[in-house]
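> Quick one, what's the 3D model for this:
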Amino acid sequence: MGMNVGSSSGKDLDVVVDINTTPLIDVMLVLLIMLIITIPIQTHAVKINMPVNTPPKVDKPPIIVKLNVDADGTIHWNDTVIPDRSTLEVTFRQMLTEPEIPEIHLRPDRAAQYKVVAMIMATAQRLGVTKIGIVGGEQFM
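Predicted coordinates for the structure are as follows:
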């Protein structure tokens with residue numbers, strides 16, 4: 001820190017006191033850097049305890065039912081045309097009585113109406129079908 005007293009030849013002796021702020025700024029920057037370094041890194045990961053054991057091996061592959069929906073709303077159950085909702089319900093009920101319930105792969109056409117696909121999924125949910133999935137999503141990208 002310094003102090004400027006002025007020249008001794010003048011009659012007015014004004015004392016000018018200016019504080020040197022450079023060391024203060026340096027100390028504040030060092031403290032800021034130390035604060036930034038000591039803050040823990042924020043991770044956006046979800047910590048999950050995954051099972052360690054290997055899953056049991058499946059002896060035979062599951063039975064798969066291909067349920068296709070055409071652009072005009074026609075429903076195909078393994079290449080058999082399902083004309084209406086009541087026939088679809090009967091087919092679902094027959095499937096649920098089998099000893100091994102098959103997986104349903106629902107494959108709607110890109111131009112198919114949403115209400116037909118929603119009707120199939122709502123019917124399956126109402127009847128208790130749990131092994132259903134929509135496949136062929138690559139056509140919508």
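
> now the strands: where do they sit in the chain?
In the chain, the strands defined using DSSP state E lie at 2-4, 16-18, 64-69, 75-77, 80-82, 103-108, 132-134.

> closest to Ile39 out of those strands?
Nearest to Ile39, of all the strands of the chain, is strand 16-18, at 35.3 Å by CB to CB. Every C-beta, even on glycine, is put in place using the N, C-alpha and C of the backbone.

> From Lys131, how far off is Pro55?
Remark: distance between Pro55 and Lys131 (CB to CB, to the nearest Å) = 17 Å.

> Settle it for me: which of these two has more neighbours?
Lys131 (15 against 6; other CB atoms under 10 Å).

> Could I get the contacting residues of Leu67?
75-77, 104-107, 120 (CB atoms under 8 Å, 6 or more residues apart in numbering).

> try Thr74
By CB under 8 Å, 6+ apart, Thr74 lies in contact with Val81.

> and what of the one 4 residues further on?
Contacts were defined as CB under 8 Å, 6+ apart; by that measure Asn78 touches 65-66.

> Pull the distance from the helix ranked longest in the chain to the chain's centre.
Counting residues, the longest helix found in the chain (DSSP state H) is helix 22-38. Mean-position distance between helix 22-38 and its chain equals 39 Å (CA atoms, centre = their mean, to the nearest Å).

> do the same with stretch 46-59
21 Å.

> What of stretch 131-141?
17 Å.

> Then stretch 18-28?
Distance, centroid of stretch 18-28 to centroid of chain: 49 Å (CA atoms, centre = their mean).

> Kindly reformat the strands of the chain as JSON lines containing mean pLDDT and distance to Leu96.
Putting those into JSON lines (pLDDT from 0 to 100; distance: least, CB to CB, whole Å) gives the following:
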{"stretch": "strand 2-4", "mean pLDDT": "56", "distance to Leu96": "92"}
{"stretch": "strand 16-18", "mean pLDDT": "76", "distance to Leu96": "89"}
{"stretch": "strand 64-69", "mean pLDDT": "93", "distance to Leu96": "12"}
{"stretch": "strand 75-77", "mean pLDDT": "93", "distance to Leu96": "14"}
{"stretch": "strand 80-82", "mean pLDDT": "93", "distance to Leu96": "16"}
{"stretch": "strand 103-108", "mean pLDDT": "93", "distance to Leu96": "11"}
{"stretch": "strand 132-134", "mean pLDDT": "89", "distance to Leu96": "12"}
